[in-house]
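S.K.: Curious how this folds, go ahead:
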Amino acid sequence: MKTYPSFLVLLLLLVLPLSGGDLIPFNNFFVSVETKDWLNQREEGARLNVTVRVSRSAEEPKGSTSIDVDCYEFEAGQRMLSDADIKAFLAAGDAAQKDKEFREVVTTKTYRGDKETTYEVVDVSGKKLIRMSRGEEKAEFLPREAVKVRKALAQARSGEAWYKKLLHDDAMPTPIEKARAPQSIGYFLNTPIGTVSGRGIGYEISVASHSFGKAPRYYVEHQLCLYSVDGELNGTLSGAWVAGLLKEISAALEAVDAGKPYSFKSEEDGGRSYSVTANLKTKEADVVLIPGKYFKNRDAERGFFGHVQLAEIRKLIEDCDQRIKWLQANENLFFIK
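M.R.: Below is the predicted model of the structure:
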């Protein structure tokens, strides 16, 4: 069992406000922690993922938490397990370990509608396995998978209780058995620094980390936000290529200053491409973006960035340093390795 020495609690008290402020001082963040060591289970066949999450956003200013159990043997949209699913899976695991028969059918609400899921103990080559069937898809698990899921759920539940304290308490809570940062091999984190409007396309800067199985590495993430005519967010695009787009915007504005023409067109990738043109009349960089095959609306999106917008984006990138330093000093709030 992981212990929390007094010096760790003292460190947390030193780096966080003691009262009257947010213990997680960001208005917008998302953290996801996998509490089941799935990296060391790759040779064990089918497995379930157990994840505890905490977030805060403009839509949920008080923050929210959740625990999710998913079967990645199933297609996206119907991987989730409800409480009834989890109960049936664990019961099947207990029966398999005792060499007993078991069969139960659960109706599960998925993103693809209600699905009947059957949990049963089956004999395969003389071994008792847990079989989970949902529609045409099925997955078979070793009985010890139920033991690992039960342990991971205990970690996730104490982690969720801890996260709720971080969201709502004024003073730094003391870790206890039922409320503590979950043990994990890493975590996923994203916390936006801000978004600059390009009149049709937003340019968002975030700090992110994806550190499963290794020490957390924090990096600056560039993302484009696409909006409908009434201002609703339609989707986002991210990746190293977005930072390349920013370089082209900068080059186009340099050309504007010199009174010279400039244009650039990217190569196509998955149906996605973009072009940047120096607009000598408006003194802006005109951006035309084709979102690509993952968007229902694949019509061209247009944005316009001037020197003011470029300076704002660069300021957001500079602000990432302070956010990264806070996260490095406080990552034990989110998971304990």
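
S.K.: So, low pLDDT: which residues of the protein?
M.R.: Within the chain, the segments meeting pLDDT under 70 span 1-21, 38-44, 294, 296-297.

S.K.: How about the contacts made by residue 293?
M.R.: 270, 271, 272 (Cβ atoms under 8 Å, 6 or more residues apart in numbering). Quick note: C-beta positions are derived from backbone N, CA and C, even for glycine.

S.K.: Doesn't it belong to a strand?
M.R.: No: under DSSP: H, G, I helix; E, B strand; the rest coil, residue 293 falls outside any strand and is assigned coil.

S.K.: change the start of the numbering to 661 and stick with it
M.R.: Shifting the count to begin at 661 puts that one at residue 953.

S.K.: From residue 931, how far off is it?
M.R.: 4 Å (Cβ to Cβ, to the nearest Å).

S.K.: and if you look at residue 815?
M.R.: Remark: distance between residue 815 and residue 931 (Cβ to Cβ) = 41 Å.

S.K.: Of the two, which one has the most company?
M.R.: Taking other Cβ atoms under 10 Å, residue 815 and residue 931 do not tie; residue 815 has more neighbours (24 against 12).

S.K.: is it true that that one touches residue 697?
M.R.: No: using Cβ atoms under 8 Å, residue 815 is not in contact with residue 697; the gap is 10.3 Å.

S.K.: what do the two both touch?
M.R.: Joint contacts of residue 815 and residue 697 (Cβ under 8 Å, 6+ apart) do not exist.

S.K.: Show the contacting residues for residue 763.
M.R.: When contacts are counted by Cβ under 8 Å, 6+ apart, residue 763 touches 778, 779, 780, 781.

S.K.: out of these, which are buried?
M.R.: The neighbour count (16 or more other Cβ atoms under 10 Å) marks 779, 780, 781 as buried among those.

S.K.: which SSE is the second one in?
M.R.: When secondary structure is defined using DSSP states H and E, the element that contains residue 780 is strand 773-784.

S.K.: what comes into contact with that strand?
M.R.: So strand 773-784 is contacted by 738, 745, 748-749, 751-752, 755-756, 760-768, 788-795, 800 (Cβ under 8 Å, 6+ apart).

S.K.: which residues in the stretch 811-960 of the chain form strands?
M.R.: 848-857, 861-870, 878-887, 893-898, 923-925, 933-939, 944-950 (DSSP state E, counting those that start in this stretch).

S.K.: re the thing from before, partner strands of the strand holding residue 780, parallel or antiparallel?
M.R.: Paired neighbours of strand 773-784 in the sheet (DSSP bridges): strand 763-770 (antiparallel), strand 787-794 (antiparallel).

S.K.: which residues sit against the very next helix or strand once past the last one?
M.R.: Translated: strand 787-794. Going down the chain from strand 787-794, the next helix or strand is strand 797-801, by DSSP H and E. Here strand 797-801 makes contact (Cβ under 8 Å, 6+ apart) with 705-708, 731, 733-735, 738, 753, 782, 784, 789-792.

S.K.: Specify the beta-bridge partners of residue 712.
M.R.: According to DSSP bridges, beta-bridge pairing links residue 712 with residue 693, residue 727.

S.K.: Count the neighbours of it for me.
M.R.: Residue 712: 30 neighbours (other Cβ under 10 Å).

S.K.: Span of stretch 822-839 from start to end?
M.R.: With Cα to Cα, to the nearest Å applied, stretch 822-839 spans 4 Å between its terminal residues.

S.K.: now that stretch, how far from the centre of its chain.
M.R.: Centroid displacement of stretch 822-839 relative to its chain, using Cα atoms, centre = their mean, to the nearest Å, is 22 Å.

S.K.: Pull out the buried positions in that stretch.
M.R.: Under the neighbour-count criterion of 16+ other Cβ under 10 Å, stretch 822-839 has 822, 823, 824, 825, 826, 827, 832, 833, 835, 839 buried.

S.K.: Now, these that are in helices?
M.R.: Among the buried residues of stretch 822-839, DSSP state H puts 822, 823, 824, 825, 826, 827 in helices.

S.K.: Of these, which is the nearest to residue 724?
M.R.: Taking Cβ to Cβ as the measure, residue 724 lies nearest residue 827 of these, at 8.2 Å.

S.K.: so the closest one makes contact with residue 716?
M.R.: Yes: with contact defined as Cβ under 8 Å, residue 827 counts as touching residue 716 (7.1 Å).

S.K.: Return every residue with contacts to both of these two.
M.R.: Residues touching both residue 827 and residue 716 (Cβ under 8 Å, 6+ apart): 684, 722, 723.

S.K.: Show me which of those residues is closest to residue 987.
M.R.: residue 684 (10.1 Å).
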